[in-house]
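K.L.:
My questions are about this predicted structure, shown below with the sequence.
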Amino acid sequence: MRNDLAYSIKSIRFDENYAPSENTRATTNFANLARGTSRRDNLRAAFNMIDNRFNALAHWDNPNGDRYSVELDIVTAEMSIGDGSRVHAFPLIEILKPTILDRKTGKRIDGIAGNNFSSYVRDYDFSIVLPQHNKGRAEFSVPEDFGDLHGNLFKFFLNSAEYRKHFAKPPVICLSVSSSRTYYRTENTHPVLGVEYRQDEFSSTDRYFAKMGLQVRYFMPANSVAPLAFYFTGDLLHDYSNLELIGTISTMETFQRIYRPEIYNANSPAGACYRPSLKHQDYSSTRIVYDREERSRLAVEQGKFAEEHFMTPYRAILEEWSAQYAA
């Protein structure tokens, strides 16, 4: 049986003129912001927030707080899969790639690929596989092989010539901390990432990302109100420059303030012992329209889409390939 898998990378600028294409995953958070009557105001406000946060963190040699601006590209990793008689291309993964514009020098500085992470197979795993596995069970559990295929597909992406052609460094994915875990402030402080937190136990997302070859650390940058979860390979604190890290922080902290204001736009900062909650009432609104209920519903729909168009027709090929890749 042939099991030829290959990635190709496409990108599109994400700015206030962005409109999601038919091939863009509807659950992607930035696509949610770019729909509806408020789309242009949403995007303009979000980019202003990103630039303001970047300049606040990159304050050296920046007396007016306006030296830098962040440009974003949506990167789609499309997988071609062949069985000897047909080849099908599937838009498997989407990430964001920042570019930092230094207005003082006119230079553009590459940021870190990753940021937001969006995946059809992840939607399938969490919205289809997990509910089916736990149907009728008295106690929640996770299948032993949960996330194995997705993890191998992601590692294959990072190790591909296509990835190396487009990106000089491994990605950093920055997500919200889990509302099901407790985080404890440590004495470790980084000049850009801020104060480090540690958790009592790994979340299901942490374990899922571990199968992708990613470890996690939690940091709360200066003047933030909650720690962010940073997923990475290698050495997060030494593999990237300060400006690269600030590009990730300013982008994803802005999105989290919009997506989860109860946590990231709270009116009081996380303490020494912190338990995030989406039921928290003491927070401020960004006034940017974001439909969280729609996103949850669409995650299930896109999990079904992945099942119908990717997992079911190519399951045998994918399972054989994954076993060979793991070996």
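P.N.:
Happy to help now that I have it.
K.L.:
Please enumerate the strands of the stretch 151-300 of the chain.
P.N.:
Ranges of strands in the stretch 151-300 of the chain, per DSSP state E, counting those that start in this stretch, are 172-176, 183-190, 194-199, 215-220, 228-232, 273-274.
K.L.:
Just put the ones you listed in CSV and tack on mean pLDDT, mean neighbour count and distance to Ile81.
P.N.:
Heads up, the C-betas are built off the backbone N, CA and C, glycines and all. Output for the strands of the stretch 151-300 of the chain, formatted as CSV (pLDDT from 0 to 100; neighbours: other CB atoms under 10 Å; distance: least, CB to CB, whole Å):
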stretch, mean pLDDT, mean neighbour count, distance to Ile81
strand 172-176, 96, 23, 24
strand 183-190, 98, 15, 39
strand 194-199, 97, 18, 37
strand 215-220, 98, 20, 29
strand 228-232, 98, 23, 26
strand 273-274, 97, 16, 43
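K.L.:
Tell me how many other residues crowd the closest residue to Thr99 other than its chain neighbours.
P.N.:
Ranked by CB to CB, 6 or more residues apart in numbering and with sequence neighbours excluded, the top spatial neighbour of Thr99 is Glu71, at 4.5 Å. Glu71: 17 surrounding residues under other CB atoms under 10 Å.
K.L.:
likewise Phe47?
P.N.:
Counted with other CB under 10 Å, the neighbours of Phe47 add up to 19.
K.L.:
quick one: contacts for it?
P.N.:
For Phe47, the contact set (CB atoms under 8 Å, 6 or more residues apart in numbering) comprises Asp15, Glu16, Val70.
K.L.:
mind running it again at 7 Å?
P.N.:
By CB atoms under 7 Å, 6 or more residues apart in numbering, Phe47 lies in contact with Asp15, Glu16.
K.L.:
likewise Ser284?
P.N.:
By CB under 7 Å, 6+ apart, the contact set of Ser284 is Pro261, Asn265, Asn267.
K.L.:
where does it land on pLDDT?
P.N.:
The score at Ser284 is 93. That number is its pLDDT.
K.L.:
Met1 too?
P.N.:
If you check Met1, the pLDDT there is 38.
K.L.:
sorry, back to before: with distance to Ile9 as extra columns, can I get the strands of the stretch 151-300 of the chain in TSV?
P.N.:
Output for the strands of the stretch 151-300 of the chain, formatted as TSV (distance: least, CB to CB, whole Å):
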stretch	distance to Ile9
strand 172-176	17
strand 183-190	31
strand 194-199	32
strand 215-220	24
strand 228-232	20
strand 273-274	37
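K.L.:
where does this protein have its least confident helix or strand?
P.N.:
Lowest mean confidence among the helices and strands of the chain (mean pLDDT, DSSP states H and E): helix 29-33, at a mean of 62.
K.L.:
returning to what we had before: from the contacts of Ser284, which would you call buried?
P.N.:
Buried members of these, counted by 16 or more other CB atoms under 10 Å: Pro261, Asn265.
K.L.:
So which of the contacts of Ser284 is the closest to Thr254?
P.N.:
If you rank these by distance to Thr254 using CB to CB, Asn265 comes first, at 10.2 Å.
K.L.:
looking at it, the closest one is touching Tyr283, isn't it?
P.N.:
Yes: when contacts are counted by CB atoms under 7 Å, Asn265 is listed as touching Tyr283 (5.1 Å).
K.L.:
what is in contact with the two at once?
P.N.:
Here Asn265 and Tyr283 share no contacting residue, scored by CB under 7 Å, 6+ apart.
K.L.:
now Asp235: how far from Gly194?
P.N.:
Going from Asp235 to Gly194 by CB to CB, to the nearest Å gives 17 Å.
K.L.:
do the same with Phe305
P.N.:
Phe305 sits 38 Å away from Gly194, going by CB to CB.
K.L.:
cool, and Ile93?
P.N.:
Counting by CB to CB, the separation of Ile93 from Gly194 is 28 Å.
K.L.:
Okay, and the beta partners of the nearest residue to Ala168 once chain neighbours are set aside?
P.N.:
Once flanking residues are discounted, Ala168 sits nearest to Asp110: 6.6 Å by CB to CB, 6+ apart. With DSSP bridges applied, Asp110 shows beta-bridge pairing to Thr99.
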